[in-house]
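Peer 1: the sequence and its predicted three-dimensional model are supplied below.
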Amino acid sequence: MTDSQDTGTSATLGSARAGGTPVSAADGAPAEAPTPSGGGNPVAPAPAGVRTAADVVTPEVAARLTRAVVGSGTTANHTPFTGEKLADLPESTPEDVATAFERARAAQERWAKVPVRQRAAVLLRFHDLVLRRQAEVLDLIQLETGKARLHAHEEVQAVAVAARHYGRKGPAYLRPKGHTGVVPTLTKVTELRHPRGVVGQIAPWNYPFELSVGDALPAFVAGNAVVMKPDTETALTALWAREQLIEAGLPEDVWQVVIGEGPVVGPAVVEHADYVSFTGSTRTGREVAQGAAARLVGVSLELGGKNAMLVLKDADVDKAAAGAVRGCFSSAGQLCISIERLYVHESIADDFLERFAARTKAMRLGNSLAYGADMGSLVGERQLETVTRHVEEAVAKGAKLVAGGRPRPDIGPLFYEPTILDGVQAPMAVCGEETFGPVVSVYRFSDEDEAVALANATPYGLNSSVWSKDGRRGRAVAARLRTGTVNVNESYAAGYGSVQSPMGGMGDSGLGRRHGSEGILKYTEAQTVAHQRLMPLAPSFGMTDEKYARFMTRSLAAMKALRLR
């Protein structure tokens, strides 16, 4: 992630009220998607009766969601669609953070005594509430991030999958495990898993539902409490998740929320946490890791990426072009595992680029709380500035603009067209720096060794994608890529959605993993209980030291012969 990150029929969250700036002005039946007079991406038509920000985030809703935030000041969040304020929010001080940890610590002791199956059952009830009330959170995600509704639904899918997985599998991950002792039958060994205590979680703005509650769910099953700092601009989504989880059975004080500026509140969270979970930029991740290391507490970090997609010579060009659209422009490219570098075999590059460009130029941009748009808005001015700078510099230094390359203030203040660049090379910033926006650079390669070398030529290692009609060939190339996840004939969703498997980064893309056993065991302390029976591991029954040494030597040789591990 870049540094700027640190910081159906829908039911509304509360009673609708008149007035407010419309998210998208629409009256009557949907029309054909209009295209701006100067060309460029068409605009998705808004359906009749579209809701406004004021319809969704009423004062009553804002007060209900924020009532539990530990904060003595006041701040606010805004919608990228229009720039208007959504709600006034409590703002936390370092002293408020300390209070939140005190409350969480007291609640955690009681929560840890609840049987693990009962803790896991909370997630299964939460799963059902999320699916049943998804329209509410979809509205909030869109209003707070500016993303298209289908991309918001990816968060609903991810959270539901994680809730189901840890709700079903969590007790098995955490159950006591027996191991072979130093002397079989004489030494009985059991591995226990204890909660770490209170997890400090710093969540980003780009996926405010999945990267808040989605990361907290396994921590709760493991018996921890959580003090979370969401991004201020996307706090309502996280608070909605908290409300549903409490209704599902989570004790209120087990999940504390603090809100405020990252440089103020973030270090306070790290200062008090028994374990730190952070998603954000590599620069800030290093600071978080240093703070945690100074206190000798564990940390998991999902950080930046400059993810590559490899289109091999035998790839299905049309499917690869469609996959590139998903991989490069989901959530307007503001996805840690989205594609920013496209390597295409020279024999099919022109054909691929033609199809990819046609699909990209046809993408519909939109800002309504409804399905139909293919891409939404950037989230803030800093993202727009980075995207604009990368594109303009590349073009000025000789890169070719194949599609997009311009802002769209006619739709909203932070809209930017999905953009394809050809002919990018160092030292253009877009070549090596993470853009974190709807911009991708296309490169050509002559053989697979070259493609692998180019893809690996980055300090990052988060996600990558390989396209080939030959699955075995695709998997073989995937195994050579230095990224935490690799998707064959998909861009990112297959790897991320497979929650039984670990997901995370190599190199500058982070430490630790979410999902699978690693995603829950990281929130625990391992304890080995070794029970020695019948005789000690020392001379006994009248043995001399020499006889004991001979006995142990024969025993060790026998254990190897018996293939004991």
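Peer 2: Yep, it's here. Numbers count the residues shown, from 1 in each chain.

Peer 1: use CA for all of it now, contacts and neighbours both
Peer 2: Will do.

Peer 1: for Gln527, which three-state class applies?
Peer 2: The assignment at Gln527 comes out as strand when based on DSSP: H, G, I helix; E, B strand; the rest coil.

Peer 1: identify the bridge partners of it.
Peer 2: Leu192 (DSSP bridges).

Peer 1: okay, it and Gly170: tell me how far apart.
Peer 2: For Gln527, the distance to Gly170 (C-alpha to C-alpha, to the nearest Å) stands at 18 Å.

Peer 1: gap between the two ends of stretch 511-521?
Peer 2: As for stretch 511-521, its first-to-last residue distance stands at 14 Å under the measure C-alpha to C-alpha.

Peer 1: can you list contacts of it?
Peer 2: Contacts of stretch 511-521 with the rest of the structure, by C-alpha atoms under 8 Å, 6 or more residues apart in numbering, involve 162, 170, 173-174, 193, 215, 218-219, 222, 299-302, 499-505, 522.

Peer 1: host element of Leu401?
Peer 2: Per DSSP states H and E, Leu401 falls inside strand 400-403.

Peer 1: quick one: low-confidence parts of this structure?
Peer 2: In the predicted model, the chain carries pLDDT under 70 at residues 1-38.

Peer 1: find the centremost residue of it, please.
Peer 2: When the chain is reduced to its mean C-alpha position, the nearest residue by C-alpha atoms, centre = their mean turns out to be Leu211, at 4.6 Å.

Peer 1: can you confirm that residue is in a helix?
Peer 2: No: residue assignment for Leu211, taken from three-state DSSP, gives coil, which places it outside any helix.

Peer 1: quick one, what contacts it?
Peer 2: For Leu211, the contacting residues are 203-204, 279, by C-alpha under 8 Å, 6+ apart.

Peer 1: can you redo those as JSON lines with secondary structure and distance to Glu247?
Peer 2: Listed next are these as JSON lines, based on DSSP: H, G, I helix; E, B strand; the rest coil; distance: C-alpha to C-alpha, whole Å:
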{"residue": "Ala203", "secondary structure": "coil", "distance to Glu247": "22"}
{"residue": "Pro204", "secondary structure": "coil", "distance to Glu247": "24"}
{"residue": "Thr279", "secondary structure": "strand", "distance to Glu247": "27"}
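
Peer 1: could you redo the residues you listed as TSV and give each row distance to Leu131 and neighbour count?
Peer 2: TSV is the format used below for the contacts of Leu211 (distance: C-alpha to C-alpha, whole Å; neighbours: other C-alpha atoms under 10 Å):
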residue	distance to Leu131	neighbour count
Ala203	22	28
Pro204	23	27
Thr279	25	25
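
Peer 1: in a markdown table, list the residues you listed along with distance to Gln290.
Peer 2: Rendered in a markdown table, the data for the contacts of Leu211 read as follows (distance: C-alpha to C-alpha, whole Å):
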| residue | distance to Gln290 |
| --- | --- |
| Ala203 | 18 |
| Pro204 | 19 |
| Thr279 | 15 |
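
Peer 1: mind listing residues that contact stretch 397-407?
Peer 2: Outside of stretch 397-407, the residues within contact range by C-alpha under 8 Å, 6+ apart are 40-41, 357, 360-361, 388, 391, 395, 414-425, 428.

Peer 1: ok, now with 10 Å
Peer 2: Judged by C-alpha atoms under 10 Å, 6 or more residues apart in numbering, the contacts made with stretch 397-407 from elsewhere in the structure are 39-41, 353-354, 356-361, 384, 387-388, 391-395, 413-428, 438-439, 441-442.

Peer 1: show me those that map onto strands.
Peer 2: Among the contacts of stretch 397-407, the members falling in strands are 419-422, 439, 441-442 (criterion: DSSP state E).
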